[in-house]
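In: Here's my sequence, what's the structure:
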Amino acid sequence: MSNAAQPHETTSEHDAPSYRLGEPGDIVIHAGPRQSPRIVSVPTRHSEHLVDLAAGDDLFDSVTGLLESLDVQGLMVEFVDGEFGRIDYVYPAYGPDAEHPMSFTSEFHREDPATLNHASATVGSRDGAAFCHIHASWITEEGVTRGGHLLPGTRVGPTGMRLRAFALTDAQQLSETDPETGFSAFAPVSAPTGPPTEEPADAVISRVRPGELIDEAIASVCREAGFDSAEVRASLGSTTGAVFTDATAPWPAVEFTHLTGSIKGALGEDPRVRFEAEVVDVAGDVHAGVLAARANPVAVTFELFVLQA
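Out: Below you'll find the predicted structure:
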């Protein structure tokens, strides 16, 4: 949902609140002052790196340490395969009242190994220190798929883990508290790049604010960047429930463990889009499918990575 774990008092993760619940895709107006612009984007060059983590590695230390080892100030990361050892996590919960309908559960701790299913991470800084935001899903030894917002303390399992890191040459991510939602969220800013270069940007990182339809936001980002065709990778955030082409996940918020897909004809009047996603809902259940068009507004924030195709 955001990159802060518990900004509001929560209800039980299993009990429905007393206020009226919306339907999947219903927009939530947050209590804080509306911020603008609604989409903040920074174009950047990028490079890709496969990174292997060893059994027992601290996941958060390993991921944030990539900033130094790859000599950049911002990263977007896809988790390719591997295994978790310990998992510390929360997942979306109902907030305390109608003005604050979104929050997080209390913390959960899983000690047994679990197979990575999907995960994505945004890596940048908060208060001057390296910081990351990770959403993931995993399959337990009993064959159950669960997921959520990972917390520090999570460790790599016995078989290790492989990541694909997208190093951002010209951009960084800064996490700050958002006055509109009350949650902390990453926003992109330009990074110092050294000597001038004529090499064009081949990617964009964006922060999408609440209420914006995620597919329309992607099309807007592509038009602004001049990308007629693009793919979305390593992106995470939340929408107000989820509306797939053949199913839904419940309101008020689901967290995306990943968003991938493509857009073609973005500079024309009728872009062709297809985006696949996996989300975690207020029961900790995991749903996946193809997103329905113009049906999924952002709940709190979305951290979007778009590559020119």
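In: Which residues are in contact with the residue nearest the centre of the chain?
Out: Centroid-nearest residue in the chain: residue 236, 1.6 Å away (criterion: CA atoms, centre = their mean). If you count contacts by CB atoms under 8 Å, 6 or more residues apart in numbering, residue 236 has them with 120-122, 133, 135, 255-259, 302-303. In this view, the C-beta of every residue, glycine as well, is placed from N, C-alpha and C.
In: now those as TSV including secondary structure and neighbour count?
Out: Converted to TSV, the contacts of residue 236 look like this (DSSP: H, G, I helix; E, B strand; the rest coil; neighbours: other CB atoms under 10 Å):
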residue	secondary structure	neighbour count
120	strand	25
121	strand	26
122	strand	29
133	strand	26
135	strand	29
255	strand	28
256	strand	25
257	strand	25
258	strand	23
259	strand	26
302	strand	26
303	strand	28
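In: ok, the residues you listed vs residue 168, which is closest?
Out: For those, the minimum distance to residue 168 (CB to CB) is 10.3 Å, reached by residue 122.
In: Break down the stretch 101-250 of the chain into its strands, ranges please.
Out: 108-110, 114-126, 129-139, 145-150, 156-168, 171-177, 184-190, 203-208, 230-232, 236-239, 242-243, 248-249 (DSSP state E, counting those that start in this stretch).
In: Can you say which of those is packed in most?
Out: strand 236-239 (a mean of 29; mean count of other CB atoms under 10 Å).
In: For residue 120, give me its contacts.
Out: 76-79, 134-136, 234-236, 256-259.
In: Retrieve the pLDDT associated with it.
Out: For residue 120, the pLDDT comes out at 98.
In: What of the one 10 residues further on?
Out: Turning to residue 130, the model gives it a pLDDT of 98.
In: Show me what it bridges to in the sheet.
Out: Note on residue 130: beta-bridge partners residue 125, judged by DSSP bridges.
In: show me the contacts for it.
Out: Shown here is residue 130, whose contacts under the criterion CB under 8 Å, 6+ apart are 64-65, 67-68, 123-124.
In: related to what we said a few turns ago, ok, of the contacts of residue 236, which one's closest to residue 146?
Out: If you rank those by distance to residue 146 using CB to CB, residue 257 comes first, at 10.7 Å.
In: quick one: that closest one from residue 159, how far?
Out: 20 Å (CB to CB, to the nearest Å).
In: repeat for residue 152
Out: The span separating residue 152 from residue 159 equals 22 Å under the rule CB to CB.
In: Could you do residue 46 as well?
Out: Using CB to CB, one obtains 28 Å as the distance from residue 46 to residue 159.
In: Next: residue 77.
Out: Applying CB to CB, the value for residue 77 to residue 159 is 19 Å.
In: What ranges does the stretch 1-150 of the chain have for its helices?
Out: Secondary structure of the stretch 1-150 of the chain, counting by DSSP state H, counting those that start in this stretch: helices at 59-69.
In: my guess is residue 52 meets residue 156, correct?
Out: No. At 9.8 Å, residue 52 does not count as touching residue 156 under the criterion of CB atoms under 8 Å.
In: mind showing which ranges of this structure have poor pLDDT?
Out: Counting by pLDDT under 70, the ranges of the chain that qualify are 4-14, 194-195.
In: and the closest residue to residue 31 other than its chain neighbours, how many neighbours?
Out: What sits nearest to residue 31 in space, not counting adjacent residues and going by CB to CB, 6 or more residues apart in numbering, is residue 99, at 4.5 Å. Neighbouring residues of residue 99 were enumerated by other CB atoms under 10 Å; the total is 13.
In: One more: the one 3 residues further on?
Out: For residue 102, the count of nearby residues is 27 (other CB under 10 Å).
In: distance of the closest residue to it other than its chain neighbours from residue 72?
Out: Setting aside the residues directly before and after it, residue 102 is nearest to residue 253 in space (CB to CB, 6+ apart), at 4.5 Å. For residue 253, the distance to residue 72 under the criterion CB to CB works out to 30 Å.
In: more crowded one of these two?
Out: residue 253 (31 against 23).
In: hang on, the more buried one packs against residue 237?
Out: No. Between residue 253 and residue 237 there is no contact, the gap being 9.9 Å when judged by CB under 8 Å.
In: Could you name every residue contacting both of those two?
Out: With contacts taken as CB under 8 Å, 6+ apart, residue 253 and residue 237 have 1, 299-300 as neighbours in common.
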